[in-house]
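Asks: My questions concern the predicted model and sequence given below.
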Amino acid sequence: MQAPSLGGVQVPRGDGKTVVRLRHGSSLNDFADKIDANPASLVTVLFHLGEMATATQSLDEDTFGTLANELGYIIEMVSAEEEDRELLGAFDIDLDAELADESDDQLSARPPVVTVMGHVDHGKTKLLDAIRSADVVAGEAGGITQHIGAYQIHTEHEGLERAVTFIDTPGHEAFTAMRARGAQVTDIAILVVAADDGVMPQTVEALNHAQSAGVPIVVAVNKVDKEGANPDKIRQQLTEYNLVAEEYGGDTMFVEISALQRMGIDQLIEAVLLTADAALDLRANADKDARGVAVEANLDKGRGAVATVLVQSGTLRVGDAIVAGTAHGRVRAMFDEHGETVSEATPARPVLVLGLASVPRAGDTFLVAPDERTARQIAEKREAAERAALLAKRRKRISLEDFTSALQQGKVETLNLVLKGDVSGAVEALEDALLKIDVGEEVALRVIHRGVGAITQNDVNLATVDNAIILGFNVKYAERVEDLADREGVDVRFYSVIYQAIDDVESALKGMLKPEYEEVQLGTAEVREIFRSSKFGNIAGSLVRSGVIRRNAKARVLRNGTMVAENLSIESLKRFKDDATEVRDGYECGIGLGSYNDLRAEDVIETYEMQEKPRS
């Protein structure tokens with residue numbers, strides 16, 4: 001019904017139960033279309049509610065919620081997956097119906113897809129080289145002529161020739177980046193641990209990523225031929241992380257290998273196949289249009305956009321019109337890992353595809369469209385939706401403040417945390433203290449990753465995928481990570497006292513967060529040279545890297561991403577020989593931190609101020 005709203009504007013009112021579905025990044029125009037209203041009148045209503053926006057501006061969920069509440073509607077934001085399904089539904093492509101229609105006799109066995117993970121220098125790349133050279137087919141074809149980001153090997157297992165697909169992007173960075181885009185590509189993870197080195201921080205990180213994704217793990221104990229190798233110690237160390245070897249009564253296969261000497265490679269591939277057969281039902285329907293994932297993509301000078309795609313179901317053929325994320329095109333040619341042309345690719349087969357108009361992102365899903373025109377329309381609509389979502393004012397996933405309200409709406413029952421600290425003892429102490437918080441049975445606290453050192457892109461990616469909050473204890477961001485966290489809307493908190501972190505998490509779980517002071521970063525400066533002064537102590541000749549350095553501002557000193565001094569202040573600030581009150585980004589200056597003299601070249605001086613921040 002039409003009823004006057006705020007300011008006497010005529011707007012169709014809801015009954016308080018009418019649900020309006022909107023995609024992320026929608027504008028007032030989109031909302032007006034759904035409720036059959038004039039967009040200009042919604043602009044006026046929003047203005048009276050204290051928000052200024054144009055009819056075409058992308059708005060966030062909170063703003064729509066306020067407006068809908070005023071007009072008697074309930075807003076339901078459509079997730080990216082649902083949105084994509086609705087978009088494909090408009091082109092008569094129904095993914096759910098296709099999956100539901102598949103019967104057992106249509107499904108055939110497919111090879112397992114394997115990712116190799118582990119600590120740096122433990123031999124991931126050497127292992128992949130050893131696996132490639134052990135492949136009989138590769139040997140017959142004259143070796144690998146081309147790197148395509150994924151490859152398939154063939155081996156004999158229990159009298160049958162079996163294939164195994166390897167994603168050739170060692171490390172959990174690519175693994176997590178793909179999961180962040182909703183692509184669950186890997187069936188099995190091989191965790192490489194050096195027998196002479198033991199379990200290291202990145203080993204634990206890789207392990208957490210694989211367990212968080214629910215992927216079975218096969219442990220490759222590498223470098224067993226080296227002096228000082230102790231494979232039993234590795235088995236013992238990994239029991240702490242819920243990886244119990246079969247010899248100890250567990251269900252994780254441990255294989256001792258030497259990638260350098262090409263020892264134990266066949267046994268490792270056999271362990272992968274045994275794990276796949278025992279733990280997974282790897283079958284797919286090859287008799288339909290292809291679906292899959294772009295593993296990696298780049299722009300080639302001579303060939304244009306080139307993408308390595310992994311077919312997950314169906315069969316991809318030369319001439320098919322495909323759309324991968326916001327890229328589209330027709331498959332002009334396909335190549336395997338040996339550089340040979342192939343005419344079709346079946347499930348779990350990686351191929352290099354030529355013919356896309358633009359470069360898709362790693363982890364983008366691809367599908368075959370009925371024709372090239374449809375593929376282009378799907379890609380354009382996806383791109384427009386993505387742009388609108390980016391333009392929405394805020395993209396916060398979950399923060400400690402809105403955890404309670406999300407809990408009340410039944411959205412969340414577990415608070416996921418990523419813990420990073422300067423030393424492992426502090427991280428363990430913090431984790432133990434947090435897990436002892438008793439808040440009843442309605443809500444659980446889960447630490448999905450813990451580690452030592454600066455907060456990295458990986459931590460932010462993991463927090464993005466699992467809707468987690470990052471707690472940093474005496475550490476800061478690594479280079480360029482802060483922008484990523486802001487862009488992804490991940491809540492990152494920094495503490496130097498354990499009980500403050502515990503109090504905040506406990507208050508969040510109990511819904512009792514009080515107003516607090518918030519640290520606001522002013523700027524950072526990199527120390528280039530140290531000058532000795534009998535009058536002022538050590539003066540740091542520095543270049544301001546970001547923001548502004550102000551005299552008397554609070555400061556801390558970071559060395560390799562770890563905090564080495566806290567609660568300092570900029571006691572003297574000079575530009576050449578003149579005193580300065582502030583120095584901006586890109587300029588050089590001399591900084592004196594009073595009595596603190598333990599400065600070195602390449603240290604980072606970070607300045608900040610405390611501002612009162614009301615809790616929502």
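Replies: Right, received. Where do you want to start? Just so you know, these numbers come straight off a predicted model, no measurement behind them.

Asks: Regarding the spatially most central residue of the chain, what is its secondary structure?
Replies: Geometric centre of the chain, nearest residue: N461, 2.3 Å, by C-alpha atoms, centre = their mean. Three-state assignment for N461 (DSSP: H, G, I helix; E, B strand; the rest coil): helix.

Asks: Now do it, the pLDDT please.
Replies: At N461, the model reports a pLDDT of 87.

Asks: Could you tell me how far it is located from T346?
Replies: 31 Å (C-beta to C-beta, to the nearest Å). To be clear about C-beta, it is placed using only N, CA and C from the backbone, and glycine gets the same treatment.

Asks: go on, L310?
Replies: Taken as C-beta to C-beta, the span from L310 to T346 is 11 Å.

Asks: Touching, A245 and R235? I think so.
Replies: Yes. Between A245 and R235 there is a contact under C-beta atoms under 8 Å: 4.6 Å.

Asks: Which neighbours do those two have in common?
Replies: F254 (C-beta atoms under 8 Å, 6 or more residues apart in numbering).

Asks: what's the neighbour count on the closest residue in space to A276 that isn't next to it in sequence?
Replies: Distances taken as C-beta to C-beta, 6 or more residues apart in numbering place P112 nearest to A276, at 4.0 Å, with adjacent residues excluded. Neighbour count for P112, taken as other C-beta atoms under 10 Å: 22.

Asks: Could you pull up phi and psi at P112?
Replies: Phi and psi for P112, reported as degrees, to the nearest 10, are phi -70, psi 150.

Asks: ok, now which ones touch it?
Replies: So P112 contacts 164-165, 187-188, 272-273, 276, 280, 282, 348 (C-beta under 8 Å, 6+ apart).

Asks: what about the helices in the stretch 201-350 of the chain?
Replies: Using DSSP state H, counting those that start in this stretch, the helices of the stretch 201-350 of the chain run over 201-212, 231-239, 265-279.

Asks: Can you give the contact residues for the second one?
Replies: Translated: helix 231-239. Counting by C-beta under 8 Å, 6+ apart, 193, 195, 198-199, 207, 219, 221, 224, 244-245, 247-248, 250, 252, 254, 256 sit against helix 231-239.

Asks: Return the set of buried residues in it.
Replies: 231, 234-235, 237-238 (16 or more other C-beta atoms under 10 Å).

Asks: next one: the first one
Replies: In terms of neighbour count (16+ other C-beta under 10 Å), helix 201-212 has its buried residues at 202-212.

Asks: which residue sits closest to V43 in space, ignoring its chain neighbours?
Replies: Per C-beta to C-beta, 6+ apart, closest to V43 is A55, 5.7 Å.

Asks: Next up, phi/psi of that neighbour, please.
Replies: Dihedral angles (degrees, to the nearest 10) for A55: phi -70, psi -30.

Asks: and the gap between it and D33?
Replies: 11 Å.

Asks: Also D483?
Replies: 34 Å.

Asks: Equivalent analysis for R551, please.
Replies: Taken as C-beta to C-beta, the span from R551 to D33 is 55 Å.

Asks: in the stretch 301-450 of the chain, which spans are strands?
Replies: 304-313, 316-317, 321-324, 327-335, 344-345, 350-356, 365-369, 414-421, 444-452 (DSSP state E, counting those that start in this stretch).

Asks: Need the winner for burial among the ones you listed.
Replies: Of all those, strand 321-324 carries the top mean neighbour count, a mean of 26, counting by mean count of other C-beta atoms under 10 Å.

Asks: And the contacts of that strand?
Replies: Looking at what lies outside strand 321-324 - C-beta under 8 Å, 6+ apart - the contacts are 290, 294, 297, 307, 309, 316, 328-331, 353, 356, 360, 364-372, 374-376, 378-379, 382.

Asks: now stretch 580-588
Replies: Contacts for stretch 580-588 (C-beta under 8 Å, 6+ apart): 523, 525, 528, 541-551, 573-575, 589.

Asks: Give me the buried subset of those.
Replies: Buried, going by 16+ other C-beta under 10 Å: 523, 525, 541-542, 544, 546-547, 549-551, 573-574, 589, out of the contacts of stretch 580-588.

Asks: For S533, give me its contacts.
Replies: S533 sits in contact with 539, 592, where contact means C-beta under 8 Å, 6+ apart.

Asks: ok, then the element right after the lengthiest strand in the chain?
Replies: Assignment by DSSP state E gives strand 516-533 as the longest strand of the chain. Using DSSP states H and E, the helix or strand that follows strand 516-533 in sequence is strand 537-550.

Asks: That next one to strand 516-533, inter-axis angle?
Replies: 140 degrees (axes from the mean of the first three to the mean of the last three C-alpha atoms, to 10 degrees).

Asks: Strand 537-550 pairs with which strands, and in what direction?
Replies: strand 516-533 (antiparallel), strand 582-584 (antiparallel), strand 588-592 (antiparallel) (DSSP bridges).

Asks: For the longest one, what is the distance to the chain centroid?
Replies: Per C-alpha atoms, centre = their mean, to the nearest Å, the displacement of strand 516-533 from the mean C-alpha position of its chain is 29 Å.
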